[in-house]
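Student: generate coordinates for the sequence data below:
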Amino acid sequence: MDSRVQEKCKWQEQLDTFFAHNPARLQHMRDASRVAADVAAVLGLSPVASQQLARAALAHDIGYAPAVMQTGYHPLDGAFFLEACGEDPWIVEAVLRHSRAGAGDHLPPAIRQAYAARVPRAEAAWLVEATTLCDWRAAGVGGRVSLGQRFWDIVERHPGNEAKARRAQRLVAEVRRYWAACMDAWGLPWLVCDIDNTLLVPGGELPPAVQAAFARYLEAGGRVSLASGKHPVSTLAHAQKWGLPGWHVAANGTCAVGPGGVEVVAHLPEFAEDLVAALSALGLGVAVYRVAGIEPRGAWQEAYSMAFARYGELVPAGARLSGPILKLLVVLEEGAAQIEAQVRQVASEAGCEVCRSDRHFLEILPAGCGKGTAARWIFSQQAWPVLASIAVGDNENDAHLFALCGLAAAVANAAPRTQATADLRLPACADAGVAALVDILLSSGVRGAVAEASAGAD
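Tutor: The predicted model follows:
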């Protein structure tokens, strides 16, 4: 084998050694490379181009490795290193210029001169843009995020650095516009919508404007799925009532429900009963979700059952049920900080996810699970690109879905954190905000939605 080819292969094998001092950076690079597969599906890349993108996304921050550093400017150092390894020139270009590297007066003169000496490869411009998107869909310490979430990830990891925040804000806005154009080239995005406080006020009816907007969207060839914390029975009932065919996310992503019944994609482990006991010992009412129904446990009160009915949720029954536990719902008012911290600690120590779905409810889910888990399964059943979608929500339990989909939208009544990390801001639930999104998608496409309703980093 040619020595240059050997070196080209070797850098990937050396990443664990290169980043032994900074595993979070390596996790960011690997997660960016995983996002590449979803980006490639929307762009319609060939297998060869898809591999190029995955490799460029993996390599984009290699210049941070001490063994690679020369100038201290990681895109340039990474490009120098990969070039010396005989790496594909387009991948070198993507690493050199990803995330607008080389641009800006904030760079030292020597760095600007080094970039001025290198002529951009116009034929690799697509790879630079796509690599940049992959970079901005992976959190700096690892994990998948929306563009809005990535902006706040940077702000929170660099407190007080206003110059960095401004650059990140400008870049996220540019990347969002680029991705909106890519989504428009694919067609109408698949809308994945939360129900309570997003589509309707709990206890109320779906606004006629939203019902009509969904009908127009479906007629135009669009797709709509609900993404709810509700039980599969309740989720499907809402979908059928509103004329939304196909599959929907239920029980906060632990399962999907549709024409084929219920598909469980995740569930809590056997020790979930220990969690129920621990939560009950704190004097809390706990709803245990199974495919067969919902069990009331702990300090359950009749008032809680009445609230479930008002929310259009299946009312917990007294009998013990069989089957795996999908999730646990704890009745706990927002603002009870001390007890909420206890619940989160108990669940975290058990390796479970915790999220707030409403000001009344805190939820415990399987590790790594969220609404995006079932949404990805649904997309896969239809061979639909994950990123050709828009998530719409209002609370913490929508964050996982935001991180999965192509763009994220929040209604004006959403929790502050949800609004801050959204890509698009919509009118409030009570003002038929989702109808406004549908109307602009039908008239002006995703680019129009980004131009008129952009949020977060814009």
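Student: now do the contacts for residue 407.
Tutor: Under the criterion of Cβ atoms under 8 Å, 6 or more residues apart in numbering, the contact partners of residue 407 comprise 146-147, 176, 179-180, 183, 189, 389-391, 423-424, 446, 449-450. Placement of C-beta: from N, CA and C, glycine included.
Student: same deal with residue 199?
Tutor: 193, 206, 210, 226, 429, 434.
Student: can you redo those as TSV with neighbour count and secondary structure?
Tutor: Output for the contacts of residue 199, formatted as TSV (neighbours: other Cβ atoms under 10 Å; DSSP: H, G, I helix; E, B strand; the rest coil):
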residue	neighbour count	secondary structure
193	26	strand
206	17	coil
210	23	helix
226	24	strand
429	25	helix
434	28	helix
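Student: in JSON lines: those, plus pLDDT.
Tutor: Converted to JSON lines, the contacts of residue 199 look like this (pLDDT from 0 to 100):
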{"residue": "193", "pLDDT": "98"}
{"residue": "206", "pLDDT": "97"}
{"residue": "210", "pLDDT": "98"}
{"residue": "226", "pLDDT": "98"}
{"residue": "429", "pLDDT": "96"}
{"residue": "434", "pLDDT": "98"}
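Student: now these in TSV, with distance to residue 325?
Tutor: As requested, these are arranged in TSV below (distance: Cβ to Cβ, whole Å):
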residue	distance to residue 325
193	26
206	30
210	33
226	22
429	30
434	31
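Student: just to revisit the earlier point, which one of the contacts of residue 407 sits closest to residue 272?
Tutor: Of all the contacts of residue 407, residue 391 has the smallest distance to residue 272: 27.1 Å, by Cβ to Cβ.
Student: can you verify my assumption that that closest one contacts residue 402?
Tutor: Yes - with contact taken as Cβ atoms under 8 Å, residue 391 and residue 402 are classed as touching, separated by 5.2 Å.
Student: what residues are shared contacts of these two?
Tutor: When contacts are counted by Cβ under 8 Å, 6+ apart, residue 391 and residue 402 have 146, 408 as shared neighbours.
Student: helix or strand for residue 354, which one?
Tutor: Here residue 354 sits within strand 353-358, counting by DSSP states H and E.
Student: just the contacts of residue 407 now: which is nearest residue 249?
Tutor: Closest approach to residue 249 among the contacts of residue 407 (Cβ to Cβ): residue 391, at 10.1 Å.
Student: what residue is smack in the middle of the chain?
Tutor: With distances taken as Cα atoms, centre = their mean, the chain has residue 403 as the residue nearest its mean C-alpha position (0.7 Å).
Student: please parse this structure into its domains.
Tutor: Residue ranges for each domain of the chain read 3-143, 190-265+370-453, 272-365, as given by automatic domain parsing.
Student: got the ones you listed as a markdown table, with distance to residue 170 columns?
Tutor: Converted to a markdown table, those look like this (distance: least, Cβ to Cβ, whole Å):
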| stretch | distance to residue 170 |
| --- | --- |
| domain 3-143 | 9 |
| domain 190-265+370-453 | 15 |
| domain 272-365 | 31 |
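Student: highest mean neighbour count out of those domains?
Tutor: Using mean count of other Cβ atoms under 10 Å, the stretch among these with the greatest mean number of neighbours is domain 190-265+370-453 (a mean of 22).
Student: quick one: residue 31 is in a strand?
Tutor: No - under DSSP: H, G, I helix; E, B strand; the rest coil, residue 31 sits outside any strand and is assigned helix.
Student: how close does it get to residue 428?
Tutor: As defined by Cβ to Cβ, to the nearest Å, residue 31 lies at a distance of 33 Å from residue 428.
Student: on that earlier part again, among the domains of the chain, which is nearest residue 164?
Tutor: Using Cβ to Cβ as the criterion, the shortest distance between residue 164 and those is 9.3 Å, found for domain 3-143.
Student: if we can go back for a sec, which of the contacts of residue 407 fall within helices?
Tutor: 147, 176, 179-180, 183, 446, 449-450 (DSSP state H).
Student: so residue 279 touches residue 328, yeah?
Tutor: Yes - in terms of Cβ under 8 Å, residue 279 counts as a neighbour of residue 328; the distance is 7.1 Å.
Student: list residues touching both of the two?
Tutor: Looking at what touches both residue 279 and residue 328 (by Cβ under 8 Å, 6+ apart), the common residues are residue 286.
Student: just to be sure, the residue nearest to the centre of the chain is in a helix?
Tutor: Yes - using three-state DSSP, the secondary structure at residue 403 is a helix.
Student: who are the contact partners of it?
Tutor: Contacts for residue 403 were tallied using Cβ under 8 Å, 6+ apart; they are 143-146, 149, 372.
Student: one more time with 7 Å
Tutor: By Cβ atoms under 7 Å, 6 or more residues apart in numbering, the contact list for residue 403 reads 144-146, 149, 372.
Student: likewise for residue 301?
Tutor: residue 285.
Student: check it and give its pLDDT.
Tutor: The predicted structure scores residue 301 at 94 on the pLDDT scale.
Student: and what of residue 457?
Tutor: At residue 457, the model reports a pLDDT of 37.
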